[in-house]
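Peer 1: Curious how this folds, go ahead:
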Amino acid sequence: MTDSPLPRAARLLGFAGLIPTLAMVAVIAMAPEWRAVAAAAGLGYGAVIASFVGGAWWGLAARSETVQPRLLVLSVLPSLTAWPALLMPPMTGLLLLALVFAALLPTDRRLVADGVAPGWWMALRQPLSWGMSVLHLAAAAILAFTADNTSLLP
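Peer 2: This next block holds a predicted model:
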C-alpha cells in the first residue's frame, strides 16, 4: 500500500456523482410541489450509488491474488442494505441511506489496510461517503420538518 495521490479523474468524477443528490436536497428544500418526485429520484440514485460501491469492492476483491470470501460477502452488503430504502416511506428510506453511506467507510479502510484498494482510496471514499450520508440526512430532515409531508407517505 502506498499513499499515492488521488487521480484527478477519480476526484472529478467522484465529486460529480454528488450532484444528483445535492439537486435532490435543493428541490426538496425549495420546490414543495416536487418533493415527492425528488425524494423518489434521490432514493433510487442513492441505492444505485451504494450498489456501485459494492461493485467496486467486488472488483477489488476479485483482482486480489487470493479471493477472500469475506470480501465478496462484504461487497454485496451495500446493495442488500440500500435496496429496502426503496420500499420505505421516503423520509425513512433517506435515513437508511444516510446510515448505509456512513457504514461503508470501515470496509473502505479495511480494503486499504489489507492492500486490496489503492493508497489513494480513502482520499476519495471518505468525502464521498460522508457527502452522501449528510445529503441524505439533510433531505430526510427537510421532509420531517415540512408542514405538509403527508403526500410522501406510501
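
Peer 1: any idea how far Ser75 lies from Ala36?
Peer 2: 32 Å (CB to CB, to the nearest Å). C-beta coordinates here come from the backbone N, C-alpha and C atoms, glycine included.

Peer 1: the more surrounded of these two?
Peer 2: Using other CB atoms under 10 Å as the criterion, Ser75 and Ala36 rank with Ser75 on top: 21 against 16.

Peer 1: right, and the more buried one touches Ser51 too?
Peer 2: No. With contacts counted by CB atoms under 8 Å, Ser75 stays clear of Ser51, the gap being 10.0 Å.

Peer 1: For the lengthiest helix in the chain, what does the pLDDT average out to?
Peer 2: If you go by DSSP state H, the chain has its longest helix at helix 35-63. In this model, helix 35-63 has a mean pLDDT of 96.

Peer 1: tilt between the host helix or strand of Val100 and helix 35-63?
Peer 2: For Val100, the element it lies in under DSSP states H and E is helix 90-103. Angle of helix 90-103 versus helix 35-63, following axes from the mean of the first three to the mean of the last three CA atoms, to 10 degrees, is 30 degrees.

Peer 1: which helices and strands sit right next to helix 90-103?
Peer 2: helix 35-63, helix 69-82, helix 121-145 (3 or more CB pairs under 8 Å, 6 or more residues apart in numbering; DSSP states H and E).

Peer 1: Show the contacting residues for the residue lying closest to Ala39 once chain neighbours are set aside.
Peer 2: Ranked by CB to CB, 6 or more residues apart in numbering and with sequence neighbours excluded, the top spatial neighbour of Ala39 is Pro90, at 3.8 Å. By CB atoms under 8 Å, 6 or more residues apart in numbering, the contact list for Pro90 reads 36, 39-40, 43, 140, 143, 152.
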